[in-house]
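Undergrad: got a sequence here, can you model it:
(one chain, ligands or ions: 1)
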Amino acid sequence: MTKPNGTSASLATSFLPRDGLDGLLLGRAHVPAKLTGSVAGPSPVWITDHGVLDISSLAPTMADLLADEPVARLREGGSFTRLGSIDDVLANTLAADRNEQVPYLLAPIDLQPVKACGVTFACSMIERVIEEHAGGDPAKAEAARSKVGKAIGGEIASVVPGSDQAEALKAFLLNEGLWSQYLEVGIGPYAEVFTKSQVLSSVGLGDQIGINPISSWNNPEPEVVLVVAPDGRVVGATLGNDVNLRDVEGRSALLLGKAKDNNASCAIGPFIRLFDDTFGIDDVRAAEVSVEVLGKEDGFRLKAKSDMGQISRDVLDLVGQTMNDCHQYPDGFALFTGTLFAPIQDRDAPGMGFTHKIGDTVVISSPTLGRLENQVTYSSDAPPWTWATGHSAAANINPSDTDEVIGEFARGSVADTQAAIEAAEAALPVWLGLGILRRSDILDQIGNMILARKAELGQLLSREEGKTLPEGIGEAARAGYIFKFFAAEVLRQAGDLLDSVRPGLDVSVTREPVGVVGLITPWNFPIAIPAWKIAPALAYGNTVVFKPAELVPGSAHALAEIIVEAGIPAGVFNLVMGSGREVGNEIVTNPKVAAISFTGSVPTGRHIAAQAGIRLARLQLEMGGKNPLVVLDDADLNTAVDCAVNGAFFSTGQRCTASSRLVVTRGIHDRFVDAMKARMEALVVDHALKDGTHIGPVVDENQLEQDLKYVAVGKDEGAELVCGGDRVERATPGFYMTPALFTGTAPDMRINREEIFGPVASIQLADDFDHALALANDTEFGLSSGIVTQSLKHASYFKAKARAGMVMVNVPTAGVDYHVPFGGTKGSSFGSREQGTYAKEFYTTVKTAYTFAG
Ligand code: NAD
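TA: A predicted model of the protein is given here:
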């Protein structure tokens, strides 16, 4: 890529609008894995004076953001990752050899359709008529030009499309043999609006723009591109170059697809400027647009300027003609409003006009929209579309060492998910028909294979999730035992046979599978949670579509391999890795999925409940926690500290059952704080696989940022940080953080109310047992609740009165058995319990049958 003009000024000066950052500028950027903390991918970004900010926490795609109230959402702010300075991001965007480890800009439009208006630029309309008639002969061109000019008798721009004057002009030109399809779409009643094939054939700033090699006569089409929300509101604008293949589309309107539907066939960008009080529709109507073409080999220079006043239709008329009762766009759309410039400057020889040459640099700029710069190539030589615009695979990064890529894992699409669901449905009779002995054997075999490979699976798990190696191996073993437990349950399925209240009848009550079940799991227990859903689902005769969290595809894949190797019939178990938005959403909304078991965060759980509720799907949700551990005056201090340190900080605090609130009575408070501080300072935070590590890294950059943000929130709220709460460096680059402990906290502080999901705990001072119990229950969550005491009376009373699904006495709030029910109350859970024999409530449906034997 050639260097932009004005090399002494910063790049931002060259590419931003003239009023700099006064307006709201959005774009999309490739964000490398080390910044997302998980997989590399595209994010919506906001260009600000603090640099380029990743705003994917507001909305994962530009389409989502624009469908909302983008200006208001941005002004509300949020926690945004800074990707770098504007200059650094632009420099990598424009580099000939982009560094994939540094963010760069992509075309700012994502999932929306890109629509384009045909000829609306009055002068270009006339030129095309002349071209049609002259067929490259300069003398004929001149004759046609003068004839058409006379026929119009003035400025074509002043002819109102669809008016009587336009009709009269059409009749005259038809008579003269000078009518053309271009004039029909220019001055006829209807605008020409077409869909530019695949949205993602568009490229952004610095990319190569592609020309179909079948064309040898073509030119840039500088345009203003409107950005339209799903409800038809124009929310912003950007620049575009919708290259015109004059010899292809000029030959026939039917060849438009060949001209427009090719790889990199248009450029859009560099940014979307949102409508606000600095920029609106009237600024679009008045926008000046310049184009500059710089020839690589021949030193050719073309410079021209035009403005939106020159197009034959109003921009809002074009939007209305694009979206109306006949056409809806649920994702919104981008609309090329029509070319602003017809290049007639001769390039190769007099009278031959202009055509592109490969290697041309094309610069389109506007004072209010910045500068879009691209180079021309053949579309066959343009880079193929990559997952940056449509994921297909993603790198799995080790949080203990972000230089280590564990592997590349496929990312499924909606179509893949549908295929998996179809396969699961087709396999239902196969699985049931296998009989309980074979089904039990297969589950037992899966359990045995997991146990035999627990060291290897545990290591993989620790590498991708970050828990210590003993924790990883322990979790893998637990998954093995869960399968063995449910292998036995297959054989134990009993029903009831009862007498009827009516003489001569008997009644049987039996359990049947519910059908295809969709299982959606989080990243923090990448083998155990899938196992405690998959094993009962299969044991009770269901077939499975399983979607693991994006951060942990490795463990899911290894588990799937084992399940297949154990001899499960094809279609009974299906793994679809991919995003929640695509794969997860399809599982939740597909009517063939009879039941959904989800574990994850509260917002995702609520969203899924709303979706599943619409179609009355069976649903089970296990979500967040804010679990208290009460320490009473009579507690054994060592036991209390053991429970608190283990419950709050092991597994890096990333457990839904973590003791993030330590409720401590006055008599033991100071001794407890001192002992905790001493113990915490001795904890080793390091690489998950290293001997002696007590606490591995946080799972990714986003989670680490969230944890550190809560440490700052705690301090701002007036809590005292006793120790920890710092990001630290180790021999390998990773997401390391020292465990943090707050004292002097009040129940209404955010650190005591919101789930942090990291190694951060706060101490609440209680006056006595009753006060401690009230504080423990003062939360909207209700997963696990613990107490450390030597008093049987208090322990018993606590077990009865704690408002939680699981209660622990003298053991950490986290760490549970696999053969008994798991789950919570209040905001933590919804639906019936997981694990143990209670799992059958979810994975079976009950049938009552009456028989009269005669
Ligand atoms: P998350 O809610 O972000 O994601 C969970 C799963 O849901 C992932 O597989 C994700 O891809 C998927 N998902 C996201 N959007 C979706 C959508 N629109 N439709 C369908 N699926 C979608 O949670 P996470 O960050 O992976 O995990 C951390 C959370 O999990 C914490 O809140 C923690 O408390 C909770 N958790 C709860 C339990 C429990 O048993 N209560 C156990 C472990 C973790």
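
Undergrad: going forward, measure contacts and count neighbours with C-alpha atoms only.
TA: Will do.

Undergrad: next up, the contacts around residue 571.
TA: 420, 423, 424, 425, 426, 427, 543 (CA atoms under 8 Å, 6 or more residues apart in numbering).

Undergrad: which of those fall in helices?
TA: Mapping the contacts of residue 571 onto helices (DSSP state H) picks out 420, 423, 424, 425, 426, 427.

Undergrad: most neighbours out of those residues, which is it?
TA: Neighbour counts for these (other CA atoms under 10 Å) peak at residue 424, which has 28 neighbours.

Undergrad: out of the contacts of residue 571, which is nearest to the ligand?
TA: Minimum distance to the ligand across these is 15.4 Å, recorded for residue 420 (CA to the nearest ligand atom).

Undergrad: ok so, going back, save the contacts of residue 571 as a markdown table, and put in distance to the ligand and pLDDT too.
TA: Putting the contacts of residue 571 into a markdown table (distance: CA to the nearest ligand atom, whole Å; pLDDT from 0 to 100) gives the following:
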| residue | distance to the ligand | pLDDT |
| --- | --- | --- |
| 420 | 15 | 94 |
| 423 | 20 | 95 |
| 424 | 18 | 97 |
| 425 | 20 | 97 |
| 426 | 23 | 96 |
| 427 | 23 | 96 |
| 543 | 18 | 98 |
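
Undergrad: how about the residues you listed in TSV, adding distance to residue 549?
TA: As requested, the contacts of residue 571 are arranged in TSV below (distance: CA to CA, whole Å):
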residue	distance to residue 549
420	17
423	22
424	20
425	23
426	26
427	25
543	20
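
Undergrad: out of the residues you listed, the closest to residue 259 would be?
TA: Nearest to residue 259, judged by CA to CA, of the contacts of residue 571 is residue 420 at 37.1 Å.

Undergrad: for that closest one, list the residues it contacts.
TA: Each residue near residue 420 by CA under 8 Å, 6+ apart is listed here: 545, 571, 574, 575, 576.

Undergrad: quick revisit: would TSV of the ones in helices among the contacts of residue 571 with distance to residue 457 be doable?
TA: Formatted as TSV, the ones in helices among the contacts of residue 571 follow (distance: CA to CA, whole Å):
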residue	distance to residue 457
420	25
423	27
424	26
425	30
426	31
427	28
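
Undergrad: out of the contacts of residue 420, list just those in strands.
TA: The strands, defined by DSSP state E, take in 545, 574, 575 from the contacts of residue 420.

Undergrad: residue 762 reaches residue 742, doesn't it?
TA: Yes - if you go by CA atoms under 8 Å, residue 762 and residue 742 touch, sitting 4.5 Å apart.

Undergrad: can you report how many residues lie near the closest residue to the ligand within the stretch 201-350 of the chain?
TA: The stretch 201-350 of the chain approaches the ligand most closely through residue 331 (16.2 Å), counting by CA to the nearest ligand atom. Per other CA under 10 Å, the neighbour tally for residue 331 reads 19.

Undergrad: that one contacts residue 65, doesn't it?
TA: No - counting by CA under 8 Å, residue 331 stays clear of residue 65, with 10.4 Å between them.

Undergrad: hang on, the earlier thing: dump the contacts of residue 420 into TSV; add distance to the ligand and pLDDT as well.
TA: Formatted as TSV, the contacts of residue 420 follow (distance: CA to the nearest ligand atom, whole Å; pLDDT from 0 to 100):
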residue	distance to the ligand	pLDDT
545	12	98
571	21	94
574	15	96
575	12	96
576	10	95
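
Undergrad: quick one: which two of these are the most distant?
TA: Spanning the widest gap among those are 571 and 576, at 12.2 Å by CA to CA.

Undergrad: coming back round to it: would you list the phi and psi of the residue of the stretch 201-350 of the chain closest to the ligand?
TA: Residue 331 adopts backbone torsions of phi -100, psi 0, taken as degrees, to the nearest 10.

Undergrad: and the pLDDT for it?
TA: If you check residue 331, the pLDDT there is 77.

Undergrad: one more: residue 187?
TA: The model reports residue 187 with a pLDDT of 82.

Undergrad: also the one 3 residues further on?
TA: On the pLDDT scale, residue 190 is placed at 81.

Undergrad: for residue 125, same thing?
TA: On the pLDDT scale, residue 125 is placed at 68.

Undergrad: residues contacting the nearest residue to residue 766 once chain neighbours are set aside?
TA: Closest residue in space to residue 766, ignoring its immediate chain neighbours: residue 665 at 4.5 Å, by CA to CA, 6 or more residues apart in numbering. Listed by CA under 8 Å, 6+ apart, the contact set of residue 665 reads 631, 632, 633, 765, 766, 767, 768, 769, 772.

Undergrad: and the first one, bridged to which residues?
TA: Right, residue 631. residue 664, residue 788 (DSSP bridges).

Undergrad: same check on the fourth one?
TA: Each beta-bridge partner of residue 765 is listed here: residue 664, as defined by DSSP bridges.

Undergrad: what's the neighbour count on it?
TA: Using other CA under 10 Å, residue 765 has 25 other residues around it.

Undergrad: pretty sure it sits against residue 664.
TA: Yes - the pair residue 765 / residue 664 is scored as a contact, 5.2 Å apart, by CA under 8 Å.

Undergrad: residue 519: which element?
TA: Under the criterion of DSSP states H and E, residue 519 resides in strand 516-520.

Undergrad: which helix or strand lies directly C-terminal to that strand?
TA: helix 528-539.

Undergrad: just checking, what packs against that next one?
TA: The contact analysis (3 or more CA pairs under 8 Å, 6 or more residues apart in numbering; DSSP states H and E) places helix 528-539 against helix 436-452, helix 469-491, strand 516-520, strand 543-547, helix 840-843.

Undergrad: how far away from the center of its chain is the last one?
TA: Its chain's average C-alpha position is 31 Å from that of helix 840-843, according to CA atoms, centre = their mean, to the nearest Å.

Undergrad: buried residues in that helix?
TA: Neighbour-count burial for helix 840-843, counted by 16 or more other CA atoms under 10 Å, picks out 840, 842, 843.

Undergrad: ok, the longest one next?
TA: Of the residues in helix 469-491, those with enough neighbours to count as buried (16+ other CA under 10 Å) are 469-490.

Undergrad: picking that back up, can you add neighbour count and give the ones in strands among the contacts of residue 420 back as CSV?
TA: Below are those laid out as CSV (neighbours: other CA atoms under 10 Å):
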residue, neighbour count
545, 27
574, 22
575, 22
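
Undergrad: wait, which of the residues you listed is closest to residue 457?
TA: Nearest to residue 457 among those: residue 575, at 17.3 Å, using CA to CA.

Undergrad: these two touch, right, the closest one and residue 549?
TA: No - taking contacts as CA under 8 Å, residue 575 lies outside contact range of residue 549: 11.5 Å.
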